[in-house]
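Undergrad: any chance you can model this:
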Amino acid sequence: MMFRGKGTRTRRLLAYLKRRERTSPARRGVRDCSIYPRLFHRHAVVYTDTADFTLRTARDGILHFLMVFNRLVVQAEPMLRRHAGRLIKVEADSLLMRFPDVEAACHGVDAMESLLRRLNRGRVANEQLRFSYGIGYGDMLDLEEDLFGLEVNLASKLGEDLAKPGEALLTPTAAAALSPALLRRVVPYRIVTFGKVSLPVQQLKLPRR
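TA: Have a look, this model is predicted:
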């Protein structure tokens, strides 16, 4: 099953996809535009990646990693709610989190870093976690248990493939939505190329560990 949710938004999408299948290709664009406001909403997303996941599981085993990771997830969910965020899903060693705007997403990343520091304190090395982060912002296909869209894809790429542990990278759209106060914490990262598209990625300076 591609879509795990059973709520209204997932049912609406599935019903529309069936209708779209029966629609001629020439008419699909018009139909997509008409359904767009009912399926898509503007959010900020944060996609995390865990440092050295493959090495850790090879060395300590997946059960040990899951014990450590679950310890974090259990405490992350109430912390996210305090910052207007929601944990949408866990994918292996990554978290997909949704926030109403980029300001909330940045404060959520700060809070996640604080939580990691607290959970890591006094523990042996193989029971500590470090995250990298990708932050995106824009219209997304908004389902109960998942999010789809370009900014989700970009946040995933930034968090998993580019950011180093303890780094948070912003898509251009996310950086453009920041207030002047948070912009003071943003520095240029570099131009990143995806296929034939080049994007100026910014870095959010996180509190020192």
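
Undergrad: switch to C-alpha atoms for all contacts and neighbour counts from now on
TA: OK.

Undergrad: and Gly136, what are its bridge partners?
TA: Taking DSSP bridges as the rule, Gly136 bridges to Val45.

Undergrad: what's around it, how many residues?
TA: By other Cα atoms under 10 Å, the residues close to Gly136 number 28.

Undergrad: what residues are up against it?
TA: Ala44, Val45, Val46, Val102, Glu151, Val152, Leu154, Ala155, Leu170, Thr171, Thr173, Ala174 (Cα atoms under 8 Å, 6 or more residues apart in numbering).

Undergrad: please redo it, this time with the cut-off set to 7 Å
TA: Going by Cα atoms under 7 Å, 6 or more residues apart in numbering, Gly136 touches Ala44, Val45, Val46, Glu151, Val152, Leu154, Ala155, Leu170, Thr171, Thr173, Ala174.

Undergrad: out of those, name the ones that lie in helices.
TA: Glu151, Val152, Leu154, Ala155, Thr173, Ala174 (DSSP state H).

Undergrad: so where's the longest helix in the chain?
TA: Per DSSP H, the chain has its longest helix at helix 62-82.

Undergrad: low-confidence ranges, the chain, go.
TA: Residues of the chain meeting the criterion pLDDT under 70: 1, 5, 209.

Undergrad: the strands in this structure, which residues?
TA: 40-50, 86-91, 94-99, 131-142, 147-148, 168-170, 186-194, 197-204 (DSSP state E).

Undergrad: return the most buried member of these.
TA: Each of those was scored by mean neighbour count; the highest is strand 168-170, a mean of 29, by mean count of other Cα atoms under 10 Å.

Undergrad: residues in contact with the nearest residue to Ser132 once chain neighbours are set aside?
TA: Nearest non-adjacent residue to Ser132, counting by Cα to Cα, 6 or more residues apart in numbering: Pro165, 4.5 Å away. Residues near Pro165 by Cα under 7 Å, 6+ apart: Ala51, Arg130, Phe131, Ser132.
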